[in-house]
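Peer 1: I'll drop the sequence and a predicted model, then ask my questions.
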Amino acid sequence: MRPAYMGLVAQLDHHIGRVLDALEKGGRLRDTLIAFTSDHGDFLGDRGLGEKELLYDEIIRVPLLLYDPSPAANATRGRVQSRLVEAVDIVPTILDALGIALPSHRIEGRSLLPLTRGPPPGDWRDATFCELDYGFRRARRVLSRGVRDCRAWMVRTPRWKYVHWLGMRPQLFDLDADPLELRDLGAQSGYDQPIAQMRERLFDPLADLKRRTTVTDAEVEAGTDTHRSRGIQIGIW
């Protein structure tokens, strides 16, 4: 499996090279924003596993390389950022680079350009999130789970990783003491407090996800209580 995977990596490298060569020949390499990332990792035999259906770091920590052509990014070129970023940051980064106002009523991520052009903001996120649906996997039947019961949600901070499995006990890893995630603390005594804190850290943002995606905040503001001017009285006694 690993040789096949490395062959695919070599193929990808080749085609990325074709794209970069075309940009350079066209004189556009130095003014093109380039983001390289992936949707998930792969175990490739790590932990004796293949595929991706668990939330260990091998799966959720994917490459994110960003080339910002702006001269404002010259001071940070080649640097590695340890701040937590997410796939949802790609779209706002592109819109920001194009000078397009972010549709804040539907965008969950944030532009990465403040990290390239600095100084970085002091209020950067302190946690990252992930979710999983294993309904198509044989594990669903092995565990006697219904189609809609195969969900998991994860929150990861620099120290802790908490995984909430629907209908099953949670997992908790202390990444400072156990960076390889070999010791699941979710069923051990003495960890009630970090489990409760991380559960709250997970579900508070879930409750705050932006679901009014077809109407902007400004339109809601402008339309608030305007039905009364048309003689429509709702909740008025």
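Peer 2: All right, it came through fine. Numbers count the residues shown, from 1 in each chain.
Peer 1: Identify the residues contacting R228.
Peer 2: Contact analysis of R228 by Cβ atoms under 8 Å, 6 or more residues apart in numbering lists I236. To be clear about C-beta, it is placed using only N, CA and C from the backbone, and glycine gets the same treatment.
Peer 1: right, and the secondary structure at it would be what?
Peer 2: helix (DSSP: H, G, I helix; E, B strand; the rest coil).
Peer 1: how about the helices in the protein?
Peer 2: 2-25, 57-60, 90-97, 113-117, 139-142, 192-207, 217-223 (DSSP state H).
Peer 1: wait, which of those is closest to A127?
Peer 2: For the helices of the chain, the distance to A127 is smallest for helix 192-207, at 5.9 Å, taking Cβ to Cβ.
Peer 1: Contacts for that closest one, please.
Peer 2: Here helix 192-207 has contacts from 127, 129, 153-155, 157, 160, 162, 164, 170, 172, 174, 185-186, using Cβ under 8 Å, 6+ apart.
Peer 1: How about stretch 38-54?
Peer 2: With Cβ under 8 Å, 6+ apart as the criterion, stretch 38-54 contacts 1-2, 5, 56, 58-63, 87, 132, 134, 137, 139.
Peer 1: Among these, give me the pair with the biggest separation.
Peer 2: For the contacts of stretch 38-54, the farthest-apart pair by Cβ to Cβ is P63 and A139; their separation is 27.4 Å.
Peer 1: With neighbour numbers in mind, choose between these two.
Peer 2: Between P63 and A139, A139 has the larger neighbour count (other Cβ atoms under 10 Å), namely 13 against 8.
Peer 1: Now the more buried one: closest residue in space that isn't a chain neighbour?
Peer 2: Excluding the flanking residues, the one nearest A139 by Cβ to Cβ, 6 or more residues apart in numbering is E53, at 7.2 Å.
Peer 1: Tell me where the model's unsure across this protein.
Peer 2: Residues of the chain meeting the criterion pLDDT under 70: 237.
Peer 1: Q11 versus the residue nearest the centre of the chain, what's the distance?
Peer 2: Ranked by distance to the mean C-alpha position of the chain (Cα atoms, centre = their mean), the top residue is E86 at 3.1 Å. Distance check for E86 against Q11: by Cβ to Cβ, to the nearest Å, it reads 27 Å.
Peer 1: for R106, what are its contacts?
Peer 2: Neighbour list for R106: 210, 213 [criterion: Cβ under 8 Å, 6+ apart].
Peer 1: contacting residues around the residue nearest to M198 when sequence neighbours are not counted?
Peer 2: Once flanking residues are discounted, M198 sits nearest to Y162: 3.4 Å by Cβ to Cβ, 6+ apart. Contacts for Y162 (Cβ under 8 Å, 6+ apart) come out as 154-156, 170-172, 194-195, 198-199, 201-202.
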